[in-house]
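A.B. asks: Got a sequence here, can you build the structure:
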Amino acid sequence: MIELTCEQTSVLKQGYPVRVSVPELGGDVVVVLAAQRESTESVLQETLDEIREKAALSQLGRHAAVSWMKENPY
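C.D. replies: I've put the predicted structure just below:
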């Protein structure tokens, strides 16, 4: 079981992650509040969706440009 110090608990309550050494796992783990993780995950998913949408639009634009160039060689 991971036990947090009062300072680590305070840091978590402020919305920041805490690195904790867990020898049983052979290293450190990062602890975050579930609400903070879910919020971060939501923002990352929205960003990823926007990137995918822009990439798809860019690809459509390139295809349209290539088609136009083939139809209008001069």
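
A.B. asks: Show me what the helix or strand hosting Glu7 is packed up against.
C.D. replies: Element membership of Glu7, judged by DSSP states H and E, is helix 6-13. Other elements packing on helix 6-13 under the criterion 3 or more Cβ pairs under 8 Å, 6 or more residues apart in numbering; DSSP states H and E are strand 18-22. Heads up, the C-betas are built off the backbone N, CA and C, glycines and all.

A.B. asks: Parallel or antiparallel, list what pairs with the strand it packs on.
C.D. replies: strand 27-31 (antiparallel) (DSSP bridges).

A.B. asks: Taking helix 6-13 as reference, get the angle to the strand it pairs with.
C.D. replies: 50 degrees (axes from the mean of the first three to the mean of the last three Cα atoms, to 10 degrees).

A.B. asks: i'd like the first residue to be 50 from this point on
C.D. replies: Let's use 50 as the start, then, which means that last one is strand 76-80.

A.B. asks: export strand 76-80 as PDB, just CAs?
C.D. replies: Coordinates of each C-alpha in strand 76-80 appear next as PDB, following Å, rounded to 0.1, in the frame of the first residue of the first chain:
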ATOM      1  CA  GLY A  76      10.600   2.200  -9.100                       C
ATOM      2  CA  ASP A  77       8.500   5.300  -8.700                       C
ATOM      3  CA  VAL A  78       4.800   5.800  -9.500                       C
ATOM      4  CA  VAL A  79       3.100   9.100 -10.100                       C
ATOM      5  CA  VAL A  80      -0.100   9.700  -8.100                       C
END
